[in-house]
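Asks: structure for this input, please:
(4 chains)
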2 protein chains.
Amino acid sequence: MSPIGGHRQNCCSHDEGECGPPGGARVRGFVHSWLLLQLARGPAHGYELLERWEDDEAPDPGFLYRALRGLEEDGLVQSAWDTAGPGPARRVYAITDLGRDYLHAWSVHLRRTRDRLDRFLADYASLVEGKGGERHAQAPR
Amino acid sequence: MSPIGGHRQNCCSHDEGECGPPGGARVRGFVHSWLLLQLARGPAHGYELLERWEDDEAPDPGFLYRALRGLEEDGLVQSAWDTAGPGPARRVYAITDLGRDYLHAWSVHLRRTRDRLDRFLADYASLVEGKGGERHAQAPR
DNA sequence: CCACCTATAGGACTCATACATCTAGATGGT
DNA sequence: ACCATCTAGATGTATGAGTCCTATAGGTGG
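Replies: Below you'll find the model as predicted:
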């Protein structure tokens, strides 16, 4: 089955980009990089990071906590319980030097990824405008 | 284990982005969108598309062929055997109108993804240069 | 006729991420 | 006291994109 959508010929076809990707296009490893970037700005706990993620595009909470523990397991962050303050205890994470190195490495790869996307979008744009006014050339049947 | 790498504290730490992501950061659905874009320019067969992909970043052949068949199964492309010409028969694919719609929908999402990456990279850049006088750009929305 | 190239294909696997739940302490209202 | 609700973290399991390895089969050159 195509990864392109859970679709079933019932969508699309007229106005704006409806239908497409279910949940948007995700970038592999982006969540982890984003977490490292946030922690590079200062220590924080999971729930806080979760809320810092703006609006719609927050990752699954379960995934976020697992990601943080994974990062710790790999020595990219450290954590400690914070029992002070109100509410349940929080696990506060801080980035390590190794984590900073990884963040840098990932930023390089993410930049490459962005450049690739840029090329794709430019190609698509040139295709669309090169088609004159109308979209929907006939199908090459 | 962290998805960030098969690493094991033996890498990184000094110069350029070594170590990081194993195979680079990939974008979900990018291969399929790319295929649709190529086919929107004109019919082509799998092997040709495979070679058209620039150097290092070509997808696995098995994956590419599967992707094409998946797209066909979903009605986004059509195919026919081409037994003429030298060599083994090729399966020539052409995009359909539905495929064009999907391509458009995906371009919208991929643009969003690129913008998100831009925000991330800008935040990272400001963090790095602002090592002392920091600015806190807003969270990547 | 053997080795290599073109072209397509399929099985099996990994790993990133999502979805659904679950615990458990804190808090506030009645 | 009690119950609902919020905060905070965790786990079990599913899904599905993408990789790896291998197979097949027709063509081509030595």
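Asks: confirm that A:Y93 sits in a helix.
Replies: No. A:Y93: not assigned to a helix; according to DSSP: H, G, I helix; E, B strand; the rest coil it is strand.
Asks: run a quick neighbour tally on it.
Replies: Using other Cβ atoms under 10 Å in any protein chain shown, A:Y93 has 26 neighbouring residues. Yep, even glycine has a C-beta here, placed from its N, CA and C like the rest.
Asks: ok, it - contacts?
Replies: A:L39, A:P43, A:A44, A:H45, A:G46, A:L68, A:L71, A:E72, A:V77, A:Q78, A:S79 (Cβ atoms under 8 Å, 6 or more residues apart in numbering or on different chains).
Asks: relative to B:A94, how far out is it?
Replies: Separation of A:Y93 from B:A94 (Cβ to Cβ, to the nearest Å): 51 Å.
Asks: kindly report the same for A:P61.
Replies: The value you get for A:P61 to B:A94, if Cβ to Cβ is used, is 44 Å.
Asks: before we move on, what about A:T113?
Replies: 29 Å.
Asks: the two - which one has more neighbours?
Replies: Higher neighbour count among A:T113 and B:A94: A:T113, with 25 against 17, using other Cβ under 10 Å.
Asks: helix or strand for that one, which one?
Replies: According to DSSP states H and E, A:T113 maps onto helix A:97-129.
Asks: for the spatially most central residue of chain A, which residues are in contact?
Replies: Chain A has A:F30 as the residue nearest its centroid, 4.4 Å off, counting by Cα atoms, centre = their mean. By Cβ under 8 Å, 6+ apart, the contact set of A:F30 is A:L110, B:A25, B:R116, B:L117, B:F120.
Asks: now for those residues: which two are most distant?
Replies: B:A25 and B:R116 (12.2 Å; Cβ to Cβ).
Asks: mutual contacts of these two, please.
Replies: A:V27, A:F30.
Asks: point out where chain A drops to low pLDDT.
Replies: A:1-25, A:132-141 (pLDDT under 70).
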